[in-house]
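build the 3D model from these lines:
(chains A, B, C, D, E and F)
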6 protein chains.
Amino acid sequence: MIRVDREVDELRPVKISVGVIKYAEGSALIELGDTKVICTASVEDKVPPFAKGAGHGWVTAEYSMLPRATPARNPRDAARGRAAGRAYEIQRLIGRALRSVTDLGALGECTITMDCDVIQADGGTRTAAITGAYVALIQALHRMLDDKRIEVCPVREYLAATSVGIVGNDYLLDLDFEEDSRARVDMNVAMTSSGRIVEIQATAEGRPFDEMDLSAMLRLAHKGISQLIEVEKQVIGEYAEAMGIKV
Amino acid sequence: MIRVDREVDELRPVKISVGVIKYAEGSALIELGDTKVICTASVEDKVPPFAKGAGHGWVTAEYSMLPRATPARNPRDAARGRAAGRAYEIQRLIGRALRSVTDLGALGECTITMDCDVIQADGGTRTAAITGAYVALIQALHRMLDDKRIEVCPVREYLAATSVGIVGNDYLLDLDFEEDSRARVDMNVAMTSSGRIVEIQATAEGRPFDEMDLSAMLRLAHKGISQLIEVEKQVIGEYAEAMGIKV
Amino acid sequence: MIRVDREVDELRPVKISVGVIKYAEGSALIELGDTKVICTASVEDKVPPFAKGAGHGWVTAEYSMLPRATPARNPRDAARGRAAGRAYEIQRLIGRALRSVTDLGALGECTITMDCDVIQADGGTRTAAITGAYVALIQALHRMLDDKRIEVCPVREYLAATSVGIVGNDYLLDLDFEEDSRARVDMNVAMTSSGRIVEIQATAEGRPFDEMDLSAMLRLAHKGISQLIEVEKQVIGEYAEAMGIKV
Amino acid sequence: MIRVDREVDELRPVKISVGVIKYAEGSALIELGDTKVICTASVEDKVPPFAKGAGHGWVTAEYSMLPRATPARNPRDAARGRAAGRAYEIQRLIGRALRSVTDLGALGECTITMDCDVIQADGGTRTAAITGAYVALIQALHRMLDDKRIEVCPVREYLAATSVGIVGNDYLLDLDFEEDSRARVDMNVAMTSSGRIVEIQATAEGRPFDEMDLSAMLRLAHKGISQLIEVEKQVIGEYAEAMGIKV
Amino acid sequence: MIRVDREVDELRPVKISVGVIKYAEGSALIELGDTKVICTASVEDKVPPFAKGAGHGWVTAEYSMLPRATPARNPRDAARGRAAGRAYEIQRLIGRALRSVTDLGALGECTITMDCDVIQADGGTRTAAITGAYVALIQALHRMLDDKRIEVCPVREYLAATSVGIVGNDYLLDLDFEEDSRARVDMNVAMTSSGRIVEIQATAEGRPFDEMDLSAMLRLAHKGISQLIEVEKQVIGEYAEAMGIKV
Amino acid sequence: MIRVDREVDELRPVKISVGVIKYAEGSALIELGDTKVICTASVEDKVPPFAKGAGHGWVTAEYSMLPRATPARNPRDAARGRAAGRAYEIQRLIGRALRSVTDLGALGECTITMDCDVIQADGGTRTAAITGAYVALIQALHRMLDDKRIEVCPVREYLAATSVGIVGNDYLLDLDFEEDSRARVDMNVAMTSSGRIVEIQATAEGRPFDEMDLSAMLRLAHKGISQLIEVEKQVIGEYAEAMGIKV
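Reported below is the predicted structural model:
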């Protein structure tokens, strides 16, 4: 048996805590097994240069790890190179995923910056960050509605993300670090509550894969994401319903 | 009709010139419509720290644009920010795609750096870079075999990449810049000559998509990549056959 | 009365959790009112250039804040300037304080890097970081003794730090952010369990102070630090006694 | 004989292609033997801080090499140091040379940035860049006149540049890389069509030289520059005449 | 005897030259034994972002060493790391000390930048910089009063700084580099002419110290600072009296 | 008359002080009118990567200005851009000029770094830096001979540099800042005591110049440099003669 402590199609224990940082308009700590990410949403009354005067807002993300989030210590960003490239790639993914469920026009001229800081990394940090950031974003939007900074909620659907992969001949849901390092295909998927895809990235680490593999992995991702959205509902369901977010 | 000058499932005119930079072990200029990328392969007798003493080599990529490759001039890398993040994301994609068809163990302790410099950008630069870099890589490996630096060719298959997308209600192959900016889904695919997937990245720009869309886009990508591989064969087919690369 | 929720010579509620980051040789989360700092100790078998071949080790610190640890979001380190200067000053203070109670010769040729990352900042982050880092350091040394990497414990005493200040005409212990911004003198003190001073920094923000003020503030600091050391004993007392650390 | 393939006072084969980058207001590819430089002119409606409100424009240049333009790969600009210093020195030279033939007052408040990117380097890249950039500049000014952004052509003369040197006891025109590395004096000259000097830089690499050497080198430079200006006339002569540029 | 050439409570020979840089609004060269620091005051009509519109000014400092101010050459700031952290810490100290005797409201909306550049370093550079910068500041304020840029002098008292320390069992005033490297406690103090403290920083390098040590060191510092203020009076006493600065 | 205080072919008052920095192997302060530059020579037992194992040494230079060396304060190097480019250009010039009179083979495997720091800038800083650095270099070589680190003096001739220019219709020697800003041609020349040229850089700021201008300027430069070499002889003549340096 490939996994001793859970089924191949089973998520690790997941816990989302909302409002963990008192200063942020929105915040969440997501714990997925030993992976822990603090996500904050910061609302600022400015937009990036390319959006100036366009009458709509922007959602962007930054991703970083504490130096000792990993088995060996990573130097901080001053020492650039490989780690930094990875962070850029990931934060662009997070930003795109959140923007794809947000009506930027309904935001008005403001920027919401999602900071995703990994406290402890045991695989799946980028998808955990998307799920945690989504929760922080909803809390921030809820506050903006309360404060009349926006009139309607710019998000219409739930969103969550997970990783899947092929290890040996098995399709596995929610890889931890050790599994990820043995995977020959590694896929990250972000989906909405209606089961539609917002972002999909699949990479052959060892040898190429075919459309059948892709299909099987998507099914697994769908299952995991449905469960993650259930956890989101437990923590922001009340807000979300009042804000008109679809189940 | 959505396109005036070509069919929805038609590539732009493509031309690959090999050996364009006299100093590089391998080099190619790929022209795909108005998109032009110079790719060089540089072989160096060193490996990155994480691969020291492991007895295998490394393939990595760097991606950049000339400042005026685009309609408006982009500041060079000194002025970082958004553009740099994009470059990191792209060069990581190129490196992964090439490594996935390369047997790093057969390389020995050396690094091949693929430099992909965009001379003119009209959409699809990252996938054009993968295709061009593949050709430059094969030329470099051919020279290494000739020079007895390696004993067997570490690459077994052809590789190429293309973009597809959904514009309005149409699936389009090989988006140019103008189409890309209107696309509601944007997908990049790298495949081998056996039709298997090496990397797939799909992003909902406007609204989410479903598995049927994914399937239709994959078919289109497969078609385009088969044609790109035919072009590759015209320029490196002779080498490649002698090196034992599968059609 | 100057404070509504506590006495002028009273610390905020303090809690230290040990071993919060599974990968680090030592780690602690210190919560002091709304100030929260994660401290990790990373042991690496190398020393900085100036200590090469000298037969002794090194203890150093890095200090950073999550972007939204504060009421307004701070840009990450890429955007340097003033914030970065502050971080450099603080991490040098933390490093010096820890080294002053550590026998570097007993460490052997290794470096222990203390990462102090502020999750939430409500005043007193630098002194909280010293206290938290001390706990993480002891846990790391305990593990090194267990693993026979060192033979004797290089630390002989407890260490903790606190801030004191003059607000209006009152001497206050453990200033929160709001008090700190009104203080006309701001002092940080690190002391050992024997009540001796390891580091003292006092700054007149508004108008100069005299030796009597200094004396009064030191008494207050002593009181607070004694209480902090009691909290340390609750969490690492068992280790510390076995390691021969003096009360 | 010192040279096998050409006379000591003979340029390498030279070719200038205009309009090679479709987005740029002006562009040229100059090929001088194996040296190849892409030059683009970008017109922007802004001036540097020191020229704000002065009622005149600015012409500036940036110079870079692709990493594999040279026999050994050069790291990109991130890895600074020696290479970067060379680039700064060269781009300042190019900017000065172009400004010296441009009436900045006639430009109005705009900046023209000349990007000179070396695709392949076999000696003489800085002087080739001046010659290529001049052609790109004229194309850009022609377009500005067409678009009524300027009323008169701010350039009155042709400009070109070449290198000369002393190798052994011979004065050589247009050194290639191998000759340059053996030269004991290396000189770069930029001249106008009237044979007057715009910039001259001469460096003793091995031992000092005297005024007679200088004179002999200047004559050689004059000869080469006259021929380069002939090539310029073939590609922009028609524009230039209409714009009132003196032969 | 611990010192051969001076008493334990004796300063090194000190000399302050005012107006050494002709362009600066204020400047001073302070020589303290072999330690030499050039301090300039630059007045600019702008304030940092956090002070915009607040109706008051700002005083800030920058500190640097020439590369060969020290026995071994230090790389310039490009090569960051340890040295840079030290400079940040020091310049923050200098800025705070000067601001604590300056009424920022009386400055109006301008920034005075104190540049402290160490020409030769033999211990005590940071306190020498405070003393020298104070003199340069007064010269600059004198000029501002003359030019009617300010109406009243924003500084009310003299300010100077010195270092003291414990070497072996002796309390020493004004440590040179060699003494500093043997000190087990190192303290920097900035005081006003009324003998009150503006900044105090004491660090145990070897083993902790107690309040009695602190008291003894403060007395020594007071003595040295009184003498330094006498030197200041010789060079700016005439200005200062006219400006209403208290003795 | 173009100049009120000196003849057109007259240098400003020049003074060179040797050995001004006690730690450096060689040092000089050169004062040329109001231009003041501190030059130090640092000898280190290492060579740059490109010279490893080649059996010869290296001479390199770094050039910087104190922030307030100029009428308006310049930000330090952190704020790069235009100023930094200028510094790179100048330090490359200084390094080349010194290397051209140095037999690198006779140096052995060491690097001499010349730091040229401008304390006050009133035109002609780069040529003053060459002259001052030459003096510092000779002092350092003298010490190396004394210490038997080298066997023969690697420098055979005196070297000095000056600026000349055309202001209006006059040829002027040794331009100050105000003259330099009005000059239509600006030329820097470095020459040896035998009157031969080591480096020449001439730039048309306003309009091009011809060979006759060049010749006239060279004569003027020769005159100035001869006088500068006389000043050098006064301060290092004794050393230099003993070291076998030609007059």
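
going forward, measure contacts between C-alpha atoms and count neighbours the same way
Will do.

which helix or strand in chain A has the lowest average pLDDT?
Within chain A, no helix or strand scores below helix A:82-99, which has a mean of 85 by mean pLDDT, DSSP states H and E.

can you map out the helices along chain A?
Under the criterion DSSP state H, chain A contains helices at A:82-99, A:104-107, A:125-146, A:177-182, A:211-243.

please identify the deepest-packed of these.
Each of these was given a mean neighbour count from mean count of other C-alpha atoms under 10 Å in any protein chain shown, and the largest, a mean of 25, is that of helix A:125-146.

tilt between that one and helix A:211-243?
Between the axes of helix A:125-146 and helix A:211-243, defined by axes from the mean of the first three to the mean of the last three C-alpha atoms, to 10 degrees, the angle is 20 degrees.

just the CA trace of helix A:125-146, in PDB.
The C-alpha coordinates for helix A:125-146 follow below in PDB (Å, rounded to 0.1, in the frame of the first residue of the first chain):
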ATOM      1  CA  THR A 125       2.100  25.200   0.000                       C
ATOM      2  CA  ARG A 126       1.000  26.900  -3.200                       C
ATOM      3  CA  THR A 127      -2.400  25.300  -3.300                       C
ATOM      4  CA  ALA A 128      -2.900  25.700   0.400                       C
ATOM      5  CA  ALA A 129      -2.000  29.400  -0.100                       C
ATOM      6  CA  ILE A 130      -4.700  29.800  -2.700                       C
ATOM      7  CA  THR A 131      -7.300  28.200  -0.400                       C
ATOM      8  CA  GLY A 132      -6.200  30.200   2.600                       C
ATOM      9  CA  ALA A 133      -6.000  33.400   0.600                       C
ATOM     10  CA  TYR A 134      -9.500  32.900  -0.700                       C
ATOM     11  CA  VAL A 135     -10.800  32.800   2.900                       C
ATOM     12  CA  ALA A 136      -8.800  35.900   3.800                       C
ATOM     13  CA  LEU A 137     -10.100  37.700   0.700                       C
ATOM     14  CA  ILE A 138     -13.700  36.900   1.600                       C
ATOM     15  CA  GLN A 139     -13.200  38.300   5.100                       C
ATOM     16  CA  ALA A 140     -11.700  41.500   3.700                       C
ATOM     17  CA  LEU A 141     -14.600  41.900   1.100                       C
ATOM     18  CA  HIS A 142     -17.100  41.400   3.900                       C
ATOM     19  CA  ARG A 143     -15.500  44.200   5.900                       C
ATOM     20  CA  MET A 144     -15.500  46.400   2.800                       C
ATOM     21  CA  LEU A 145     -19.200  45.700   2.300                       C
ATOM     22  CA  ASP A 146     -19.800  46.600   5.900                       C
END
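
so residue A:94 makes contact with residue A:126?
Yes: assessed by C-alpha atoms under 8 Å, residue A:94 is found in contact with residue A:126 at 7.4 Å.

can you pull up the most central residue in chain A?
Here the mean C-alpha position of chain A is nearest to the C-alpha of residue A:130 (C-alpha atoms, centre = their mean), at a distance of 0.8 Å.

for it, which non-adjacent residue is closest in space?
Once its chain neighbours are removed from consideration, residue A:130 has its nearest residue in residue A:94; the separation is 5.5 Å (C-alpha to C-alpha, 6 or more residues apart in numbering or on different chains).

kindly provide the distance from the one you found to residue A:188.
11 Å (C-alpha to C-alpha, to the nearest Å).

one more: residue A:64?
With the distance defined as C-alpha to C-alpha, residue A:64 ends up 18 Å from residue A:188.

before we move on, what about residue A:84?
Distance from residue A:84 to residue A:188, by C-alpha to C-alpha: 20 Å.

hang on, the earlier thing: surely the residue nearest to the centre of chain A touches residue A:97?
Yes: the criterion here is C-alpha under 8 Å, and residue A:130 meets it with residue A:97 at 7.3 Å.

who touches both of these two?
Among the neighbours of residue A:130, those also in contact with residue A:97 (C-alpha atoms under 8 Å, 6 or more residues apart in numbering or on different chains) are residue A:190.

look at stretch A:148-163 and report the distance between its end residues.
According to C-alpha to C-alpha, stretch A:148-163 extends 37 Å from its N-terminal end residue to its C-terminal end residue.

chain center to that stretch: distance?
Taking C-alpha atoms, centre = their mean, to the nearest Å, one finds the center of stretch A:148-163 at 13 Å from the center of the full chain.

ditto for stretch A:108-124
Relative to its chain's centre, stretch A:108-124 lies at 8 Å (C-alpha atoms, centre = their mean).

state the mean pLDDT of it.
Stretch A:108-124 shows an average pLDDT of 97 in the prediction.

whether it contacts chain C - can you check?
Yes: Stretch A:108-124 reaches chain C (C-alpha under 8 Å from any C-alpha of the partner chain) through A:115, A:117, A:119-120.

determine how far the last residue of that stretch lies from the first.
With C-alpha to C-alpha as the measure, the first residue of stretch A:108-124 is 33 Å from its last.

tell me the bridge partners for residue A:32.
Each beta-bridge partner of residue A:32 is listed here: residue A:14, residue A:35, as defined by DSSP bridges.

try residue A:161
residue A:190.

pretty sure it sits against residue A:132.
No: with contacts counted by C-alpha under 8 Å, residue A:161 stays clear of residue A:132, the gap being 9.4 Å.

stretch A:63-81 near chain C at all?
Yes: contact between stretch A:63-81 and chain C, assessed by C-alpha under 8 Å from any C-alpha, occurs at A:66-73, A:77.

most surrounded residue in these?
Neighbours here are counted as other C-alpha atoms under 10 Å in any protein chain shown. On that basis the top member of the residues of stretch A:63-81 next to chain C is residue A:68, with 28 neighbours.

quick check, that one in contact with residue A:74.
Yes: contact status for residue A:68 versus residue A:74: in contact at 6.5 Å, counting by C-alpha under 8 Å.

overlap in contacts, those two.
Contact criterion C-alpha under 8 Å, 6+ apart; residues shared by residue A:68 and residue A:74: none found.

excluding its backbone neighbours, what's nearest residue A:72?
residue C:23 (7.7 Å).

ok, the residues of stretch A:108-124 next to chain C vs chain F, which is closest?
Distances from the residues of stretch A:108-124 next to chain C to chain F were compared by C-alpha to the nearest C-alpha; the smallest belongs to residue A:115, at 26.7 Å.

if the closest one is in a bridge, with which residues?
Applying DSSP bridges to residue A:115 gives these bridge partners: residue A:40, residue A:62.

does it touch residue A:40 like I think?
Yes: shown here, residue A:115 and residue A:40 form a contact pair, counting by C-alpha under 8 Å, at 5.2 Å.
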